[in-house]
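Q: Pasting the sequence and the predicted coordinates here, then a few questions.
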Amino acid sequence: MKTILIAVGAFFALGLFALSIRAADDMKGEHDMTGVLIDNACGNKDSMKNEADAAKHPMSCAKKSACAASGYQLVVGDKHYKFDDKGNDEAKKYLEKAESTKVTVTGTMDGDNIKVSAVKAAEEKK
């Protein structure tokens with residue numbers, strides 16, 4: 001009887017271990033994040049502490065060539081996630097026709113950076 005209980009316990013432990021590994025792998029995969037798009041030159045300033053601060057930043061500034069050359073980041077809450085080169089290109093394309101800097105970014109995380117596959121306008125909450 002003890003052997004069966006040990007075997008059943010080991011089986012469940014192995015299952016939980018497999019689920020935890022899968023959950024960790026899913027966190028590394030591509031996902032969406034919604035926040036405020038801002039250029040790095042302005043987003044790195046001390047006054048840009050959080051998403052609310054970044055939302056006050058004028059879109060016209062993010063479109064300026066000097067600011068665009070610094071690259072872009074997404075501010076979510078009080079976290080700043082810098083874009084990779086593809087993300088910077090996607091942000092520039094988005095800003096050409098944008099009406100808002102509130103965006104949803106699709107990509108994978110690499111530390112505090114995002115490997116971006118898409119930038120689109122965030123859906124308005126109903």
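A: In hand now; what should we look at? These numbers come from a predicted model, not from an experiment.
Q: residue boundaries of the strands in the protein?
A: Secondary structure of the chain by DSSP state E: the strands cover 31-39, 72-76, 79-83, 102-110, 113-121.
Q: packing partners for the second one?
A: Translated: strand 72-76. For strand 72-76, the elements it packs on are strand 31-39, helix 40-43, helix 51-55, strand 79-83, helix 85-97, judged by 3 or more Cβ pairs under 8 Å, 6 or more residues apart in numbering; DSSP states H and E. Backbone N, C-alpha and C define where each C-beta goes, glycine included.
Q: Bridge partners for the spatially most central residue of the chain, pull those for me.
A: By Cα atoms, centre = their mean, the chain has its centre lying nearest to M33, at 4.4 Å. Counting by DSSP bridges, M33 forms beta bridges with V105.
Q: Provide a list of residues in contact with the residue nearest to E99 when sequence neighbours are not counted.
A: Spatial nearest neighbour of E99, chain neighbours left out: A121 (7.1 Å); criterion: Cβ to Cβ, 6 or more residues apart in numbering. A121 is in contact with 94, 98-100, 102-104, counting by Cβ atoms under 8 Å, 6 or more residues apart in numbering.
Q: Next: H31.
A: Per Cβ under 8 Å, 6+ apart, neighbours of H31: 106-108.
Q: can I get the residues you listed in a markdown table with pLDDT, neighbour count and distance to H80?
A: Formatted as a markdown table, the contacts of H31 follow (pLDDT from 0 to 100; neighbours: other Cβ atoms under 10 Å; distance: Cβ to Cβ, whole Å):
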| residue | pLDDT | neighbour count | distance to H80 |
| --- | --- | --- | --- |
| T106 | 97 | 15 | 18 |
| G107 | 97 | 23 | 15 |
| T108 | 96 | 15 | 17 |
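Q: Turn those residues into TSV, including distance to V116.
A: Shown next, in TSV, are those (distance: Cβ to Cβ, whole Å):
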residue	distance to V116
T106	7
G107	4
T108	9
